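Engineer: Dropping the sequence and predicted coords here.
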Amino acid sequence: MTTTSKRLWLFAVILFLMLTSNAMFVFMKIGEIENQNRIINYAGMARGTIQRIVKLEMNEDDYQKHLTDVDWIITALSDKDSIHLSDNSKIEYDKGILKLSKSWNELKTLLVNHRNNMPNATEQDVVRKSEDCWNVANEVVFSIQHLFETRVKRVNSVVTFTVTNLIYSLVLLFFIRTFLKAQD
């Protein structure tokens, strides 16, 4: 094997290793994105369940089991270990979840007061507070969605780079093979 062919093979191996590391990176990021989709789904579930609770209260139906559902979802959204964000994004995310938690706790108190016929908890008060909670939940859903759409765009660029490397690797391997056959 000549020095030129050894260099070509070395270059091909390096390119192949870069391609493999890019592919591993892409698979890792796809796993993170799948986890983040769960977060968006949870925020949407909290928003919907809160509205369902208010509807049930207005119809004087039991909604107690749904209270713990929303509490659990907000706790899951607050879990520092399962949310992987950059420091700047994390600050905004935490503010949104804290605002949602506060709004939810105020609504829960108002629901209890309404159920107990307290004068400061009319149906209008409950509906107004539930709309406030709805708006906060929407803000959280949209901010999370925006954060993750940005991440997906970054992963798309890595995928494009990986596919380009794959094409270059295949073309290079074809030329190396052709070159080596011509030397035999």
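Structural biologist: In hand now; what should we look at? Here the structure is a predicted model, which means the values were calculated and not measured.

Engineer: hey, where'd the helices end up in the protein?
Structural biologist: 3-58, 64-78, 87-115, 123-183 (DSSP state H).

Engineer: Mean neighbour count and mean pLDDT for those - can I get that in JSON lines?
Structural biologist: Where you see a C-beta, it was placed from the backbone N, CA and C, and this is true even at glycine. Formatted as JSON lines, these follow (neighbours: other CB atoms under 10 Å; pLDDT from 0 to 100):
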{"stretch": "helix 3-58", "mean neighbour count": "15", "mean pLDDT": "80"}
{"stretch": "helix 64-78", "mean neighbour count": "15", "mean pLDDT": "90"}
{"stretch": "helix 87-115", "mean neighbour count": "16", "mean pLDDT": "88"}
{"stretch": "helix 123-183", "mean neighbour count": "15", "mean pLDDT": "82"}
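
Engineer: show me what contacts residue 58?
Structural biologist: The neighbours of residue 58, taking CB atoms under 8 Å, 6 or more residues apart in numbering as the test, are 123, 126, 127.

Engineer: Disregarding residues adjacent in the polypeptide, which is nearest to the first one?
Structural biologist: If I follow you right, that is residue 123. residue 58 (6.4 Å; CB to CB, 6 or more residues apart in numbering).

Engineer: Let's check: the centremost residue of the chain is which one?
Structural biologist: Centroid-nearest residue in the chain, with CA atoms, centre = their mean: residue 36, separated by 2.3 Å.

Engineer: what's the closest non-adjacent residue to that one?
Structural biologist: In space, residue 36 is closest to residue 148, 4.7 Å off (CB to CB, 6+ apart).

Engineer: Could you pull up the residues touching the one you found?
Structural biologist: Contacts of residue 148 by CB under 8 Å, 6+ apart are 33, 36, 37, 39, 40.
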